[in-house]
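[1] the amino acid sequence is not available; the structure is as follows:
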């Protein structure tokens, strides 16, 4: 509740159009709905301008279906369900016919774009095994209205493959780098672009990768400036951060 | 070296204005200078539009002085030296008279701004002990031309203090959150703003903070979307990422 | 065995009502029963005033059934079996008809309350996925006679949802906070209430949550005073601590 | 700001005794004072009924002196400064003549008790090297008005020493257990008392104690119920939790 | 090969009863047999006086059967197979009819005792879930000829249960303590007995037990003297160490 | 692209045999092929002289089949697929009839050797459970043309078994040591040979081996000089390093 | 207090030679003395047959002097002070003239041996830097009456040095192995001796030795049977365990 | 002792030129010398063809001086002392006049090269702060007779600097890569060269570099094949491994 609306409310009290008890009630009535196991926040999407999101792990299919139904009933016109297995996807589809399941990305999307947004994000990944996380990022970016250029399988072990696509990467206003194992791609890309880089370590690897820890630490210590890191395998979070960065304003290849 | 300049060079070869050997030499002559212990990259600043930066730890005062001298000789008009102790600061000052030492932030700045840049960053910190890192971020933002609004000592243990300044924080195009101990400030601020958040865990704390690990993990697991994390105590890196985000375009309170 | 009963015993020896060998025997005969794989402690409940508890993991259904049967045979009138899967629950039910299985909380309860106890505990949880741990805490509190007010899905990413229920939370004499991911809820609630807070990190999360480690470290470093932490996912232990706190009253040596 | 005072303010607006702009201003003017590097919260002590506290590490003596002066100027009548070295203690003393420095506990106390509080806390420690943490806890408990019974050097390697003092420990309404190395004292005491136990792991030890990690993990896994853990070496935090527990009485919505 | 047999061999060379090439061959012919995937060491048992042992994990049933067959063919009269699942146990039984499978302890034993050995070991465990590890220790001790007194379910949370059996524990020449969770039992027993203690941390627990790490660190930091620690869940190793301790007698160079 | 070919290209431009645009195009056309989810690098094998390799984890059978088909289509005459389960092996076989599946080593090999290479590698392993990793190393060495001498089951607990085969090990130009548990074999072998040692920690073990961490740290701290360590269970990587070492000969700028 | 003395006391009560209050008092009067910061246990040495021990870290010189004085006053005839720096050593010497300071081992010894004990311990160390820990072990063994054979600088990188002294090591009834870095010496020695091995990891090393963690994990995973591990750098604890092992003889209930 | 010399010895026994006792004595008399705190191995250098090495940490100056004196007395003609501070360097110089102290590399060298060895090693480092480790590697390589090409300050954040020197790096027979922070240089170089790579993580960095752990894990997970890793900051060990690789040539049983 910002100051402007607070002032409006206070003016209504002063003008007598609202009793002080009514004003208190309004101040207390927050725009969410309680369904017992989850509080549905109908205004979060409005506030942030993005689709509603359900993070599926730890929720039963019944809970997911109920939340999806309520969000739609509350006026949501677009929804994402992340980390959705087949059962979770089916639950969303029961509530919201027409929902699409992107199996590689474990993502369910429903509803239309609120708006086309300007700005291009490059989603750059190191290896084929990083695909699920990269796709989660790319699809989420598209679901919120941005264009995503997928630049996959350009790990640093074959540097010429990366250098060959730097033109495409440099055309983007923000770069999402997805890499497991030693995660060196974030440092290398970070040193070659002027746009901000969102780095996503993945759990791809074995042994001393310790479930993504190696890539995570590597990215946090990236010697290139301008790199922000999100949680291991968090393609969705990376996309949301990238979208917020792009919403600052639309870059074009001309000014990139 | 972009395609355009490569094409120009090739045209010169074709036109005979350049022998193939001269062309090869030019392709090889990268714009850096070798001083033995360090390669001075005269064009990095031009390329990225920022001042030159010397990261001081592990360098002797003599090396710092030499690097500073060479950078200035190479045409740099602005320079930052980060993590500088008094000896390092004196070394820069010997090379670059007029350099300023910001002791709390352990930062040396020299030279004029290349340009005023649009966009406002809020630097939000949890406690007084986080000041050195927060100041490093704020001064770096100012050194690259942005405005920084310092919002200090608003940790979540006294939530009303934070809520009282949310107006100022929401006016910024990017928010740098600096917090040690449990680092919860990043999650809370991330849930209250629509701008991207750059989270800096600090090593403030003791015992099970394990040198900033607790805050780092906390920030990486932030339940709010739109949070990118940098290394522990890395105020400089946070500022560089924030500056790159702001350079996308200038937000104003009106469109924030 | 307190000093008073020891004195009584010694007096009986002195008075000749008890031979020294009989006295020795009594001193040695502790109130537990040996069933081979487990020593059943019939007096623990009496001593502490709580139901008997069986921690199920690592015990076979046969062992669980036998322990339940012996506890009831030893005079127990109420019993909880925690971390019970369906097989464990069935084992308890075979021994104690009428036992109830709370599947979400993985808890079996049997028998009547020894007493209604005064005091209200608020059980506050961050997300829907924290429900099993929160329910384990709430049901355990109810099983020992306290009232539990369930305040669920109020994570800090939507702070207004939490602020809207602070009235209910502040009405409690002790607050159990259940949160995974970054666990920031403990710090925020700890700063808003004057009652003691029992913080339960959960293993909800992925990647750098490292099975609950992020939330655990976060809660241990909570900047708010008055927060005590229990093991990851330990809803039962949190409830027992909360119950002891609610039962606490300024004691004096006389009534200790 | 509770509902009652909000209602009063709204009534004043309605009655015309306050313009809406004035009301807005009051809503915004929170009871804290900004001194640049720190926000002084004059009402926290009132709100929680405890002395003001300054956590000294990371603050310069000048900052500590300034904060102490402001807190006293804001009406504080009692103050603690924790983790204070000699310089910090001198800084407090400059601001608040009469402040006492407890060197072992690294604690500065100033001012009179707001009130004698009922309830006795036992502070139990394992070894002589745990003294600084135990004393920090005991002195803090006394500074907030409780009685603290110091039961020191009763580690489990000499179990008879512990058993000999169980009478004193059982007389307390809350037990603070301070132990380093393997931290087994918390489990053993937890199994012998019915009062809640606040466990403080200390960094006492070497090698595989890893700075207190061994004791911390041990206490978090305590097999006895009713144990809440605070951060390593956090004697102050343990005391604050213990004080809140002693102050706890079955609350009702009416007196909450 | 000790000096005596070397001298004998050299004498035979000198006396001409052995060519130097034959002597070399003997020196090289070590008493093991190569079966491709495993070198069977027929003399290890003789050297150490214990049954042969097969550690099953990572070996196929076929490999286990083959090794068992070879060991028996090489003259072994007793054999243990540790960490054996049902398939491994069946493989041993195919090679060595009469082999017994102890399912709780995951141990297969075959053959007769080489000798009754003097000395009694107490195997003390904290909880019912520690039974598999404790039984592995007890059965192994018995397989090598020692008596093992099983003292189970005497965790420190119910200290009176432990104190009641100290007489039995003190009768042993070596005490094996098996405990998970916080592993405090090792410290407490270590302080109450004069015999050496072999501590076995178990992976029993959850959350911050981190697969037995908490108990392991706790036991390594045991404040009682005379405690040696083996790997997590290593009941077999603990028994072997205990057996060596029981076999130890003040040796002299003469009988070494 | 080396200087020589660049010079040739520039000469062609100068001579008019190539337009500048054609030259630019050639510079940009790197020798790899984009199949969407993976960039097939047809020249890597040529560049390094080894077979093509597919690392299977995280790739679907369909992806593996497609990559194998493309590599063969691109001219590859030999291929390895590592960490291949049965499905992955079948996928390779569909693309490349005649491919062999080595189940223990989880390796698929196809095609003929490019060349017999000189040099012998010893692959030394500690126990039978290390076989899969050791075989992966040995088969990979053979696939690239070297001879591999398998010296298995010579762990340090039976030192005479190791000493008996030192002759064979010392005959090798490089020694690959494969060991889990405490990984001491690397130190011991490293002290006995003059050839370089490639150490492979394996995840064989339990409890405090922490998935191979114990062996990894042990090998990194090997007191013997001349030991290089690869990732846990990385038999393939060890073989590739060993092959490069065997191929190494004192180079000169001329033949570099 | 054993059963026999309890029976005696009860008989005295019955016979009237002791009132029940006197008996209670005796039961409560444990044989230790409270000096405020430390409980002096005068009977521990008697109970265990060893000298008194003061662990110095975390104790002030004044506290050390006072404890030493009290122990001597309580009848102690021999004392060790471990981890003693020069100040601590001087404090002991003030209390107990004639105390000897062994600087390398950081150990102070005072008083005569209670008895010559049979049995020989070998103290085997890997490198010169392990000397302080090895000497702490050897001197402690001698202080409690055993013979210690020092076998130093026989790390596994030069295996022939170790093999050359195996005769001496095999003559011992217990072997203490002291090693840092990768700690492989424990495995190798453990495979060559039939006596029990007490392994002491040291913090000697750097980088990935992580303060002794590498050696600790290595020793816990030792593939040889019969190895018990103590804390990092804990030469004193190793000696106490070794002494208990040497003192061990097949006990019977009669002499327990 | 190889088979040939053993055969010779046995022949001498058979021929009567050596009594069996003399033979035994010779077998036992290993070529090292015992100076109490250290066993000087006079033949190690001969065996491996390298200078003698003293690792200084944990040794007193007196011990270092003594060891140096003995090594020279034993015939050593070249010696390195690594990790030497000024005191250690002075100690070596007292024993061996003419010893040189390389302060940056903390290395002392003495004596002449045994031989010029063929082969060139490139020592590649990421930043100026990595200099001490890189110099330790380069100087050690030179001390054993190889040429070292120092290629410093070519971290991946400025990729063009690295690419500009790839010609020099590719001219080497082995490449030592020295990098801290995220250690990405090893992966990038590993993908660009065909020679084996020895990767040295350094402790350069802060925060989440955790003393070099980030670089270590990164290098162990390097996606490029042919990379072997040594301990953090271990420039000496890297050089020794590189030297062994350069000395490697396809061996045959004949010349092994």
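    That came in fine, so what should we check first? Note that the structure is a prediction, hence the values are computed from the model and not measured.

[2] just confirm residue A:198 is within a strand.
    Yes. Checked against DSSP: H, G, I helix; E, B strand; the rest coil, residue A:198 lies within a strand.

[3] right, and residue A:196 touches residue B:243 too?
    No. Counting by Cβ atoms under 8 Å, residue A:196 does not reach residue B:243; the two are 9.0 Å apart. To be clear about C-beta, it is placed using only N, CA and C from the backbone, and glycine gets the same treatment.

[4] between those two, who's got more neighbours?
    residue A:196 (31 against 25; other Cβ atoms under 10 Å in any protein chain shown).

[5] got a pLDDT number for the more buried one?
    On the pLDDT scale, residue A:196 is placed at 96.

[6] so what's the closest residue to it other than its chain neighbours up against?
    For residue A:196, ignoring the flanking residues on the chain, the nearest one in space by Cβ to Cβ, 6 or more residues apart in numbering or on different chains is residue B:244 at 4.2 Å. Contact analysis of residue B:244 by Cβ atoms under 8 Å, 6 or more residues apart in numbering or on different chains lists A:194, A:195, A:196, A:226.

[7] try it again at 10 Å.
    Counting by Cβ atoms under 10 Å, 6 or more residues apart in numbering or on different chains, residue B:244 touches A:174, A:193-197, A:225-228, A:245, B:48-50, B:144, B:174, B:198.

[8] among those, name the buried ones.
    A:174, A:193, A:195-197, A:225-228, A:245, B:48, B:50, B:144, B:174, B:198 (16 or more other Cβ atoms under 10 Å in any protein chain shown).

[9] from those residues, which single one is nearest chain F?
    Proximity of the buried ones among the contacts of residue B:244 to chain F (Cβ to the nearest Cβ) peaks at residue A:193, which lies at 18.2 Å.

[10] please report how far that closest one lies from residue A:124.
    Distance of residue A:193 to residue A:124, given as Cβ to Cβ, to the nearest Å: 10 Å.

[11] relative to residue B:167, how far out is residue A:13?
    Residue A:13 is 21 Å from residue B:167, where distance means Cβ to Cβ.

[12] of the two, which one has the most company?
    Set residue A:13 next to residue B:167 and count neighbours by other Cβ under 10 Å: residue A:13 wins out with 24 against 12.

[13] okay, and the more buried one sits in which element?
    In the assignment (DSSP states H and E), residue A:13 maps to helix A:3-15.

[14] then residue A:135?
    Going by DSSP H and E, residue A:135 is in helix A:131-143.

[15] and for residue A:121?
    Following DSSP H and E, the helix or strand that holds residue A:121 is strand A:120-125.

[16] for that strand, packing partners?
    If you count contacts as 3 or more Cβ pairs under 10 Å, 6 or more residues apart in numbering or on different chains; DSSP states H and E, strand A:120-125 packs onto helix A:131-143, strand A:147-151, helix A:166-170, strand A:174-179, helix A:184-192, strand A:197-201, helix A:235-247.

[17] lowest average pLDDT across the ones you listed?
    Looking at these, the weakest mean confidence is helix A:166-170, a mean of 91.

[18] burial of residue A:213, as a residue count?
    Residue A:213 is flanked by 21 other residues according to other Cβ under 10 Å.

[19] so the helix or strand encompassing it, near chain H or not?
    Element membership for residue A:213 (DSSP H and E) is helix A:213-220. Yes. Using Cβ under 10 Å from any Cβ of the partner chain, helix A:213-220 reaches chain H at A:213, A:214, A:215, A:216, A:217, A:218, A:219, A:220.

[20] one more: stretch A:161-181?
    Yes. Residues of stretch A:161-181 contacting chain H under Cβ under 10 Å from any Cβ: A:161, A:162, A:163, A:166, A:179, A:180, A:181.
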